[in-house]
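Q: Dropping a prediction and its sequence here:
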Amino acid sequence: MAASHLEPKPGEIARNECNTNADTCCLGKNFIILEYTRRFADVYAYDKSIKPIEGVPIVNGATAWDDPITGQTLILIVNEGLYYGTKLDHSLINPNQVRSYGIDFWDNPFDRERGCQIDIDNDTFIPLSSIGTKICFDTRSPTPEELRTCAHIQLTSTVEWNPSQVSLKSVITNVEEQTNIPSYRISETTVTTHETVFEYLDPLDDGALLHAIDPSLTDLKEQLMAKVPRQIAQVTRYENSLEDLPTRQTYSSSERHTKISAEVLADRFGIGLERARATLKATLQRGVRSATLPIGRRYRADRQFGLKRLNGKFATDTLWAKSKSLLGNVASQIYTHKCGFNATYNIPKADNENVGYSLNDFVSDYGAPEHLTYDGAAVQVGRHTLFQKSLRKYQIKNHVSAPRRPNENPAEASIREVKKRWYRLQAKKNIPDRLWDYGIKYVCETGNLTVNSSRYSDG
């Protein structure tokens with residue numbers, strides 16, 4: 001916290017210069033500290049004979065920018081920046097650190113099509129001016145009131161920034177996708193705009209997860225809860241006064257354990273007899289029994305709001321069907337791990353919206369993977385696509401497989417095995433082609449419950 005005395009007073013105006021020689025954004029007297037990362041860096045000058053500056057804190061800083069067109073004040077957040085405070089009379093903004101977060105940073109004064117500006121979204125942009133050979137824009141240190149009431153815009157990612165390990169790669173930008181998807185990054189503040197999308201500074205915060213839910217679901221919940229007691233009385237043998245029901249599906253049994261044979265399991269799951277025997281031998285699940293109801297147990301409620309992180313490298317690819325299903329689906333987005341895990345999300349069209357929401361559904365159902373590999377489809381690599389926004393939101397490391405190199409994407413092999421099991425089950429049970437989406441999901445879910453021969457799994 002030694003940098004606290006370097007913070008400027010509210011209203012200090014300074015210039016932000018675009019500088020790629022500074023491999024990390026350097027925050028001067030027009031920035032205040034929002035959060036310390038508890039990490040420090042030693043800064044070296046161009047001339048090696050000059051003694052380096054040691055112990056420069058790495059912080060998340062904020063500065064205020066006044067829109068010259070609308071007059072609205074926006075709070076610009078620069079995460080993972082070196083903080084100098086009043087010791088530096090200007091700030092240095094690394095354009096590549098901003099671009100890596102998916103924001104278009106146009107600093108070429110000879111570009112006649114775009115000009116010099118930072119594109120926040122379709123309606124908001126920060127114009128850049130030139131002073132000699134320097135490209136810059138002016139901001140000021142914000143007041144506490146502005147921090148509470150003004151819109152917050154994230155310019156850089158909260159993921160730890162290591163300039164020596166950054167891979168600068170080109171991405172495909174679809175102009176049509178830019179017009180359909182808002183990319184406005186606003187923190188937990190109320191701002192009057194035509195359309196406001198909330199993205200919290202901390203994507204794992206409880207408020208961030210709750211705000212991601214449609215508010216209209218609250219009214220729907222109240223309406224459904226009003227009908228629950230009457231419906232329970234019609235379908236159960238319990239008293240009308242019963243309110244504390246178990247949320248997990250259970251059944252009553254006179255046996256201590258369920259009795260299931262390898263033959264029954266092989267027939268239900270569509271697997272071989274040897275695999276069924278190995279599954280019964282390896283499983284730790286002995287059935288879920290229920291005592292005489294009503295019975296209840298209280299659990300901690302706060303854990304349901306925490307976002308689970310999945311260790312390991314996952315992969316995703318699109319499984320295309322031969323025909324359109326009864327539900328109108330034409331493909332399925334597969335998320336897989338080398339241990340034999342597969343999760344499928346059926347989609348009516350492999351476009352930006354459906355593929356992007358499939359990743360959100362996967363994170364909601366299972367958790368955010370540590371690393372995700374995918375191919376170079378335009379709906380996944382466009383910087384303004386919903387898929388890329390979700391990768392940044394959940395801080396997922398990612399890799400794009402090279403063209404004509406299916407061996408780089410493990411999802412290719414998983415799709416082959418899933419199709420093989422589906423065709424075998426379809427022929428055995430005489431299932432119509434238009435029910436493929438039910439079959440693919442069944443194959444994936446049962447496959448996750450059975451043993452496999454993968455060297456990455458443990459039984």
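A: Noted; the coordinates are in hand.

Q: For the rest of this, base every contact and every neighbour count on C-alpha atoms.
A: Noted.

Q: for stretch 353-369, which positions count as buried?
A: By 16 or more other Cα atoms under 10 Å, the buried positions in stretch 353-369 come out as 353-360, 362-363, 367-369.

Q: what packs against the helix or strand encompassing residue 146?
A: In this assignment (DSSP states H and E), residue 146 forms part of helix 144-149. If you count contacts as 3 or more Cα pairs under 8 Å, 6 or more residues apart in numbering; DSSP states H and E, helix 144-149 packs onto strand 73-83.

Q: Show me what secondary structure element comes after the strand it packs on.
A: Next element after strand 73-83 (DSSP H and E): strand 90-93.

Q: what's next to whichever helix or strand comes after that next one, contact-wise?
A: Sequence-wise, the next helix or strand downstream of strand 90-93 (DSSP H and E) is helix 95-99. Helix 95-99 is contacted by residues 18, 19, 20, 23, 24, 25, 104, 105, 107, 155, 156, 168 when judged by Cα atoms under 8 Å, 6 or more residues apart in numbering.

Q: re the thing from before, for the helix holding residue 146, what is the distance to the chain centroid?
A: Chain-centre distance of helix 144-149: 28 Å, with Cα atoms, centre = their mean, to the nearest Å.

Q: what is the rounded mean pLDDT of that helix?
A: Throughout helix 144-149, pLDDT has a mean value of 91.

Q: so where's the stretch 1-150 of the chain shaky on pLDDT?
A: 1-5, 122 (pLDDT under 70).

Q: One more pass at 80, please.
A: Within the stretch 1-150 of the chain, the ranges that satisfy pLDDT under 80 run 1-6, 46, 121-123.

Q: What residues sit buried inside the lengthiest strand in the chain?
A: Ranked by number of residues, the top strand in the chain under DSSP state E is strand 53-66. In terms of neighbour count (16+ other Cα under 10 Å), strand 53-66 has its buried residues at 56, 57, 58, 59, 60, 61, 62, 63, 64, 65.

Q: ok so, going back, any chance of the buried residues of stretch 353-369 in a markdown table, plus secondary structure?
A: Shown next, in a markdown table, are the buried residues of stretch 353-369 (DSSP: H, G, I helix; E, B strand; the rest coil):
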| residue | secondary structure |
| --- | --- |
| 353 | helix |
| 354 | helix |
| 355 | helix |
| 356 | helix |
| 357 | helix |
| 358 | helix |
| 359 | helix |
| 360 | helix |
| 362 | helix |
| 363 | helix |
| 367 | coil |
| 368 | strand |
| 369 | strand |
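
Q: and which of these is nearest residue 330?
A: Proximity of these to residue 330 (Cα to Cα) peaks at residue 354, which lies at 11.6 Å.

Q: which residues touch the closest residue to that closest one other than its chain neighbours?
A: Nearest non-adjacent residue to residue 354, counting by Cα to Cα, 6 or more residues apart in numbering: residue 347, 6.1 Å away. Residue 347 sits next to 329, 330, 331, 332, 333, 354, 355 when contact means Cα under 8 Å, 6+ apart.

Q: Okay, and which of the residues you listed map to strands?
A: Reading strands off the contacts of residue 347 with DSSP E, I get 331, 332, 333.

Q: quick one: which of those is most hemmed in?
A: Within the ones in strands among the contacts of residue 347, neighbour counts (other Cα atoms under 10 Å) peak at residue 332, which reaches 27 neighbours.

Q: What distance do you get for that residue to residue 386?
A: 17 Å (Cα to Cα, to the nearest Å).

Q: what's the answer for residue 28, then?
A: Noted for residue 28: a distance of 34 Å to residue 386, by Cα to Cα.

Q: and if you look at residue 85?
A: Counting by Cα to Cα, the gap from residue 85 to residue 386 is 36 Å.

Q: and what of residue 155?
A: Taking Cα to Cα, one finds residue 155 at 18 Å from residue 386.

Q: Pick out whichever of those two has more residues nearby.
A: residue 386 (26 against 21).

Q: any chance of the buried residues of stretch 353-369 in TSV, with distance to residue 410 and pLDDT too?
A: Shown next, in TSV, are those (distance: Cα to Cα, whole Å; pLDDT from 0 to 100):
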residue	distance to residue 410	pLDDT
353	24	92
354	22	93
355	18	93
356	20	92
357	21	94
358	18	94
359	17	94
360	20	92
362	17	95
363	19	93
367	19	91
368	18	92
369	15	93
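
Q: Need those in CSV (columns: distance to residue 146).
A: Shown next, in CSV, are the buried residues of stretch 353-369 (distance: Cα to Cα, whole Å):
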residue, distance to residue 146
353, 34
354, 37
355, 37
356, 33
357, 34
358, 37
359, 35
360, 32
362, 37
363, 34
367, 35
368, 33
369, 36
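
Q: Closest one of those residues to residue 324?
A: For these, the nearest to residue 324 is residue 354 (15.8 Å; Cα to Cα).

Q: you'd agree residue 41 is up against residue 57?
A: Yes. The pair residue 41 and residue 57 passes the contact test of Cα atoms under 8 Å, sitting 6.5 Å apart.

Q: And the residue nearest to residue 354, how far from residue 327?
A: Applying Cα to Cα, the value for residue 347 to residue 327 is 10 Å.

Q: got it, and residue 434?
A: Counting by Cα to Cα, the gap from residue 434 to residue 327 is 9 Å.

Q: Neighbour count for the two, which is higher?
A: residue 434 (18 against 13).
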